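**Q** requesting a structural model of the entry that follows:
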Amino acid sequence: MADDLTPEPTDPNAGDEPLDADLVAYLDGELDEPQARAVEDRLMTDSASRAQAAAYKKTFDLLDYLPKPEPSPDFATRTLTRIQPTMPASPSGSAPARRSIPVPSTTTAVAAVVAPASRRPWWVAALTWAIVAGACLGGGYGVHAGLQPILEPPPKETDDLALTDIRVIESLPLYLGVDDLDYLRKLDDPDLFAPDPATPPPPRGEAVPVGNRDKLIEIFRSFPAVRQQQLRQLDQQLHELPAEEQDRLGRVLEAYAVWLNRLSEHDHRRILTATNSAERLDVVRTTKEKLWQDGLPQRQKDQLKVAGDPEVKVALIERWKQADQVRREEWGLARRQWDTMQGGVKHWPFSDPVLTRQVDEYLKTVMKVDLAKPEPKWDQGSPVRMTREEYHELKARHEAASKDGFWLFYGAMVYRLSILHPGLPETADKPPPTEIAHLGELQKDFRKKAVNPQQDKRFSRGKWPDFALDVTEIARKLNISHDPLGPCKPGAFQEPVNQFLMELQPKLSAPQRERLKKDEGKWPEYPRLMIELAREHDLPVPGVTLPGSPKLWQQHYSLGSGKKK
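**A** Below you'll find the predicted structure:
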């Protein structure tokens, strides 16, 4: 419906060429999972789309430098900023409020209020229809079972509404699917509607035109008195929050409202007519889960069908969700740095040939992979410190970086692997222990505890430091004492690390030196603390951590969600 009612916008800097609505919505973080994945696949393979996206990003970024009216102190007058970038000023003469949303009730009115030059045009009309539809479902969507009966709407009074009611009414499109502040905070979840840190806060606009406000007033007055009071309380609580939390929860409201609008009539009704907030949240979660599974690639859907064991299905879904989370964050990283997406732009550290060679060397010595050689063997005892899937993804990204300039995604993968599989320095005078035969008498101590290291799959055979870490952890659980399996005091490391440690010591504060001295002789505590202190002083440990500034690696490639990958 929105496509029929909304004129196709054009880019003012591109003549009559129409905007690519999917690219625009993607840059604003407005697409759901299947739609976003499709756009990302196109960007990975189509240089013209990447160039177009970069041009849009530059144009939109310039808008942030244009003069903006000062916002009203009323937080709740801000609604979906994707709508109507050129709203007329309110005739009331009051200070401009944050951008608000028109709510016409007829097809003609919907078409009339949509700005032809809107930056986000394709779902404007659909959202206005969703507002009216939401108001029709259960007389205000049935906050509690007692509100389900159709009540006689109050007469259309002509008296002025209270100022707080005006504020509530102008934000009504955002509040329709929300019970209270507690419910809203539960929506602020990475698996639901938590704001994407890669998407900047929406711009501020002006007040709702009087004619559109009348439509919202009409809808508000149709609600039962209990629901009206609930909306007033929600608005007041939001208004009293600190500015930072107001902004965050405002973005949650926006994302939630857009998502509700995209639902089928059946799913929309199920959510809005839930009898209480707990039931509503449960329906939201199950609906999100169903839509996510419906949007999976066919190959993954087939895997779920043939996976008979429910536990296997749960494990697959969890793995795919984690992969989706990483993908979302990496593309969010790309949206913040679109200049690197056009190809040919070598992102740090790959702009430096010396650091580039050192990254290659890091992969060889710490991760035990050489991307210039054929695929390694994946049999038991392989020294490679990543999974086969990780290796294939890393190699594909390296090839894409070398061919098309996708250095940002390659760097993000290298950085993620360094976090997933951190290195530790090796001993100076002997090879590191990576096999059962290297354990000596410790094998007997394990067997006394009914542990067979040759058959126990908990031991990462062939890998350093993974094998030694597994041995140490299992031995501690079994109260088996043994000598340290790695270097853990000055002079015990290989020469480059010994020299680095000597240079690090003078840079440490007295408490830091005391901490390091306290862990001397403990493995892996001592080398881990040394690496942590080096990172605090923005220093790489030679042959152990990624080359170059740790702060720059984090600045350029940190995904920032904090969720376990």
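
**Q** what helices and strands are in contact with the longest helix along the chain?
**A** Criterion DSSP state H: the longest helix present in the chain is helix 310-336. Packing partners of helix 310-336 (3 or more C-beta pairs under 8 Å, 6 or more residues apart in numbering; DSSP states H and E): helix 33-45, helix 277-294, helix 298-306, helix 407-420. Bear in mind the C-beta positions are built from the backbone N, C-alpha and C, glycine included.

**Q** for the ones you listed, which one sits closest to residue 517?
**A** helix 407-420 (27.3 Å; C-beta to C-beta).

**Q** helices or strands up against the next helix-or-strand element following that closest one?
**A** Next in sequence after helix 407-420, counting helices and strands by DSSP states H and E, comes helix 442-448. Counting contacts by 3+ C-beta pairs under 8 Å, 6+ apart, helix 442-448 is packed against helix 466-477.

**Q** which residues does the helix it packs on contact?
**A** Residues from elsewhere that reach helix 466-477 (C-beta atoms under 8 Å, 6 or more residues apart in numbering): 385, 421, 432-435, 439, 442, 445-446, 451, 453, 456, 458-461, 481-482, 485-486, 523-524.

**Q** kindly reformat the helices and strands packed on helix 310-336 as a markdown table containing distance to residue 348.
**A** Output for those, formatted as a markdown table (distance: least, C-beta to C-beta, whole Å):
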| stretch | distance to residue 348 |
| --- | --- |
| helix 33-45 | 21 |
| helix 277-294 | 34 |
| helix 298-306 | 35 |
| helix 407-420 | 8 |
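
**Q** rank the ones you listed by pLDDT, which is bottom?
**A** For the helices and strands packed on helix 310-336, mean pLDDT drops lowest on helix 33-45, to a mean of 73.

**Q** what angle sits between that one and helix 277-294?
**A** 40 degrees (axes from the mean of the first three to the mean of the last three C-alpha atoms, to 10 degrees).

**Q** about what we covered before: selection in ChimeraX covering whichever of the contacts of helix 466-477 are buried, please.
**A** Selection command for ChimeraX covering only the buried members of the contacts of helix 466-477, criterion 16 or more other C-beta atoms under 10 Å:
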select :385,421,432,433,434,439,442,445,446,451,453,459,460,461,485,486,523,524
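
**Q** for this protein, which residues score under the pLDDT cut-off?
**A** Applying pLDDT under 70 to the chain flags residues 1-19, 28-30, 32-33, 44-45, 47, 54-164, 196-212, 334-344, 560-565.

**Q** per-domain residue ranges of it.
**A** Following automatic domain parsing, one finds the domains of the chain at 2-295, 301-420.

**Q** quick one, which of the helices and strands packed on helix 310-336 is nearest to residue 390?
**A** Comparing the helices and strands packed on helix 310-336 under C-beta to C-beta, the one sitting nearest is helix 407-420, at 6.5 Å.

**Q** the strand or helix carrying residue 23 packs against which elements?
**A** Residue 23 belongs to helix 21-27 when assigned by DSSP H and E. Judged by 3+ C-beta pairs under 8 Å, 6+ apart, helix 21-27 is in contact with helix 33-45, helix 47-63.

**Q** at 6 Å instead, please
**A** Helix 21-27 is packed against helix 47-63, with contacts defined by 3 or more C-beta pairs under 6 Å, 6 or more residues apart in numbering; DSSP states H and E.

**Q** residue 254: neighbour count?
**A** 21 (other C-beta atoms under 10 Å).

**Q** secondary structure element for it?
**A** helix 243-262.

**Q** buried stuff in that helix?
**A** Using 16+ other C-beta under 10 Å as the test for burial, helix 243-262 gives 246-262.

**Q** for residue 498, see how far away residue 274 is.
**A** Using C-beta to C-beta, to the nearest Å, residue 274 is found at 65 Å from residue 498.

**Q** more neighbours: those two, which one.
**A** residue 274 (22 against 15).

**Q** you'd agree the more buried one is up against residue 282?
**A** No - assessed by C-beta atoms under 6 Å, residue 274 is found out of contact with residue 282, at 8.0 Å.

**Q** residue 478 - how many residues pack around it?
**A** If you count neighbours by other C-beta under 10 Å, residue 478 ends up with 13.

**Q** correction: residue 505
**A** 14.

**Q** you'd agree it is in a helix?
**A** Yes - the assignment for residue 505 by DSSP: H, G, I helix; E, B strand; the rest coil puts it in a helix.

**Q** picking that back up, the helices and strands packed on helix 310-336: which one's closest to residue 314?
**A** Nearest of the helices and strands packed on helix 310-336 to residue 314, taken as C-beta to C-beta: helix 298-306 at 10.4 Å.

**Q** okay, that closest one in CSV with CA atoms only?
**A** This file holds the C-alpha atoms of helix 298-306, laid out as CSV (Å, rounded to 0.1, in the frame of the first residue of the first chain):
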residue,chain,number,x,y,z
GLN,A,298,17.1,-22.4,2.3
ARG,A,299,20.2,-24.4,3.1
GLN,A,300,19.9,-23.7,6.8
LYS,A,301,16.1,-24.5,6.7
ASP,A,302,17.0,-27.9,5.2
GLN,A,303,19.5,-28.5,8.0
LEU,A,304,16.8,-27.9,10.6
LYS,A,305,14.5,-30.3,8.8
VAL,A,306,16.9,-33.2,8.8
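
**Q** hmm, who's touching it?
**A** residue 313 (C-beta atoms under 6 Å, 6 or more residues apart in numbering).

**Q** now do that helix and helix 277-294, the angle between them.
**A** Angle of helix 298-306 versus helix 277-294, following the same axes, to 10 degrees, is 110 degrees.

**Q** relative to residue 271, how far out is residue 186?
**A** For residue 186, the distance to residue 271 (C-beta to C-beta) stands at 14 Å.

**Q** these two: which is more packed in?
**A** Using other C-beta under 10 Å, the more surrounded residue of residue 186 and residue 271 is residue 271, with 22 against 18.

**Q** OK, contacts around that one?
**A** The contact partners of residue 271, by C-beta under 6 Å, 6+ apart, come to 283, 284.

**Q** and with 8 Å instead?
**A** 177, 260, 263, 280, 283, 284, 287.

**Q** which element, helix or strand, includes it?
**A** helix 265-272.

**Q** now that helix against helix 243-262, angle please.
**A** Orientation check (the same axes, to 10 degrees): helix 265-272 against helix 243-262 gives 140 degrees.

**Q** buried residues of stretch 215-232, list them for me.
**A** For stretch 215-232, a neighbour-count test (16+ other C-beta under 10 Å) marks 215-224, 227-228, 230-231 as buried.

**Q** burial measure for residue 318, as a count.
**A** 10.
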